[in-house]
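Student: predicted structure and sequence below. I'll ask about it afterward.
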2 protein chains.
Amino acid sequence: MRTFEINSPLDMHLHLRDGEMLKLVGPLTSNTFSGALIMPNLVPPITTKEALLSYKQRILESCNGDDFEPYVTLFFKDDYSFSFLEDIKDEIIAIKLYPAGITTNSETGVSSMDIENLRPTLESMSKLGIPLCIHGETNGFVMDREKEFMPIYESIASSFPNLKIIMEHITTKDAIELLDKYDNLYATVTLHHLLITLDDVAGGMLQPHLFCKPIAKRPEDRDALLNAALEAHPKLMFGSDSAPHPKHKKECCGCAAGVFTSPIALQVLTELFDKNGKLENLNAFVSLNAQNIYDFKPVEKTIKLVQKDFVVPQIYTYNSENVVPMYAGETLAWSIEG
Amino acid sequence: MRTFEINSPLDMHLHLRDGEMLKLVGPLTSNTFSGALIMPNLVPPITTKEALLSYKQRILESCNGDDFEPYVTLFFKDDYSFSFLEDIKDEIIAIKLYPAGITTNSETGVSSMDIENLRPTLESMSKLGIPLCIHGETNGFVMDREKEFMPIYESIASSFPNLKIIMEHITTKDAIELLDKYDNLYATVTLHHLLITLDDVAGGMLQPHLFCKPIAKRPEDRDALLNAALEAHPKLMFGSDSAPHPKHKKECCGCAAGVFTSPIALQVLTELFDKNGKLENLNAFVSLNAQNIYDFKPVEKTIKLVQKDFVVPQIYTYNSENVVPMYAGETLAWSIEG
């Protein structure tokens, strides 16, 4: 039976939520990943050291003693003082910027992406070497939102050449092309955006469990993302953007955005890279690139994958909480051993 | 209070379904419309005279004695004989062509849109003067399906210059532009495609009740459709494509395609044309154009609209059947008197 080893897999964009949902989904990442960059868009968002440390503690408690490092982040505010950032710097891996209202729990994000508005905080971050993660979408037409954001990425990248900027969950070939234009521009890409297009969401019947933000784009966009991932583009990292919502908030009128992929990500990535004859690049995509970009050494952890059927559970539950994973009920070609 | 009269409103593209659903939705059209062109995509589809006449009878029985004419249609087959079509000609207003599998209950549609494949039936229709209604979508990427179908419209229009061809429920500015290129090309447009874009379906939360086929397109497409409707383009007719599905098939995983607009269409159209200062064109769009294109005189019926709030019901029910209308629970600016 064929096997493959992933060393210290990292999920560089993850939503773990809080409360019962955290207890449900925390272990579904910590049992297979070595570490993950945790999004700060709780209600209220993480904007103080106290909230940050207490959230990190709750995450660690949810992980059943797994050898796992949560890399926590701060929710971007345009009025953070230099001294506050200097004080919190060693506790965080990055600061995440959301334009206000652009996605789940982003209502208190920045109301203007005008560079002068962002300058004070960005200048401090640049001086202190704190990377900036951005949800890069305008509030334009849904298929154009990321493309329309490109000039804003360019403006920040050229105004702050020493600031590391990560374009989060990119979905377009425009973003892939931009990656090579600025030295200080990096990106994460999700599992689902390597696999699906708008066709999978709304081309047949409507599939709420594949509805996410940014929305899946055109086939040529998906192909550009997939090629860059398979080649392990050194400025591109895996970030699942796994975003759990309870089943009743997905299968309803007014369904929430987010695809839940944590417990299937490594199996599907292995299948995808293997099918394309690029298994030798998977460790770079899912671990080494992130280590180089963020400059850290992760917890050592070896995950052994076996080419053996894995039937994805229909649903994961914990007390009153539940979440439906991508590929629920379907059979994957690779499993995680043990 | 301002009022407006619509004379003999016609819905030139309507799904009435069958059984309990027909009993629920039939009267919601027949009480305000003078007539409607009824789609034949039942299970099984309408392909015989017997099925056609019996369906027409069931429709009439559902209408509570309203003065209403159902213009029934046949489901296109590429092997209809001339004598069959000659015999059925006076019972139908048109034949509706579906590419196989393109939408609800279209599985037995034509498997190849190759003109030679369609020629026998189309030649008979052309000789007998039977109009052809087409669901014009390829099975390509969801946002491109209608645009990709344009060469097929062109090929049929130029090969059969005496055949009246109706591009059903058009959604793109490409289709609007094509309308003026061939004398024998006409179109219907729905209410919802004059109002919404993909943004309304998937730009915020996912809205299953606005999910339809063809899917709503880009803002510039919606604008082109709306302009043509407001100007009462003489080759463009109102066809609601009102397509009821029970609530549980809309608010679920794998939601069915279709927007239910019959009971609100005239009120919303009046508001839309009034808001744009084009009320004087509404009678052409919603009745006269269809009379000219199909060459018939409808049942005389005057519908009086009043500028008075109308709260749209959350749901319409009949026995075990139900359907959620567009704008459920919202307040419209115009009501139907009486």
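Tutor: Arrived safely.

Student: surely A:Asp78 meets A:Pro120?
Tutor: Yes - the criterion here is C-beta atoms under 8 Å, and A:Asp78 meets it with A:Pro120 at 6.8 Å. Where C-beta positions appear, they are placed from N, C-alpha and C, glycine not excepted.

Student: so between these two, which is more surrounded?
Tutor: With neighbours defined as other C-beta atoms under 10 Å in any protein chain shown, A:Asp78 and A:Pro120 compare such that A:Asp78 has more, 17 against 14.

Student: check contacts around the more buried one.
Tutor: Neighbour list for A:Asp78: A:110, A:117-118, A:120-121 [criterion: C-beta atoms under 8 Å, 6 or more residues apart in numbering or on different chains].

Student: check A:Cys63 too.
Tutor: A:Cys63 makes contact with A:26-27, A:30 under the criterion C-beta under 8 Å, 6+ apart.

Student: which of those tops the neighbour count?
Tutor: Each of those was scored for neighbours by other C-beta under 10 Å, and A:Gly26 scores highest at 27 neighbours.

Student: C-alpha coordinates for the helix or strand hosting it, CSV please?
Tutor: Element membership of A:Gly26 [criterion: DSSP states H and E] is helix A:19-30. Only the C-alpha atoms of helix A:19-30 are listed here, as CSV (Å, rounded to 0.1, in the frame of the first residue of the first chain):
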residue,chain,number,x,y,z
GLY,A,19,-17.2,28.0,23.0
GLU,A,20,-18.7,24.7,22.0
MET,A,21,-17.8,25.1,18.4
LEU,A,22,-14.1,25.6,19.4
LYS,A,23,-14.3,22.4,21.4
LEU,A,24,-15.8,20.6,18.4
VAL,A,25,-13.3,21.8,15.7
GLY,A,26,-10.1,22.5,17.7
PRO,A,27,-9.2,18.8,17.9
LEU,A,28,-10.1,18.2,14.3
THR,A,29,-7.1,20.5,13.4
SER,A,30,-4.8,19.8,16.3
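
Student: quick check: A:Asp79 vs B:Leu230, distance?
Tutor: To B:Leu230, A:Asp79 is 47 Å away according to C-beta to C-beta, to the nearest Å.

Student: next, count neighbours for A:Gln57.
Tutor: Neighbours of A:Gln57 (other C-beta under 10 Å): 11.

Student: wait, is it part of a helix?
Tutor: Yes - judged by DSSP: H, G, I helix; E, B strand; the rest coil, A:Gln57 forms part of a helix.

Student: next, count neighbours for the closest residue to chain B within the stretch 51-200 of chain A.
Tutor: Among the residues of the stretch 51-200 of chain A, A:Val142 lies closest to chain B, at 4.1 Å counting by C-beta to the nearest C-beta. When counting by other C-beta under 10 Å, one arrives at 22 neighbours for A:Val142.

Student: was I right about it contacting B:Met205?
Tutor: No - the criterion here is C-beta under 8 Å, and A:Val142 misses it with B:Met205 at 11.9 Å.

Student: got a list of what the closest residue in space to the residue of the stretch 51-200 of chain A closest to chain B that isn't next to it in sequence touches?
Tutor: Counting by C-beta to C-beta, 6 or more residues apart in numbering or on different chains, B:Gly203 is the residue found nearest to A:Val142 once chain neighbours are left out, at 4.1 Å. Taking C-beta under 8 Å, 6+ apart, we find B:Gly203 in contact with A:141-142, B:197.
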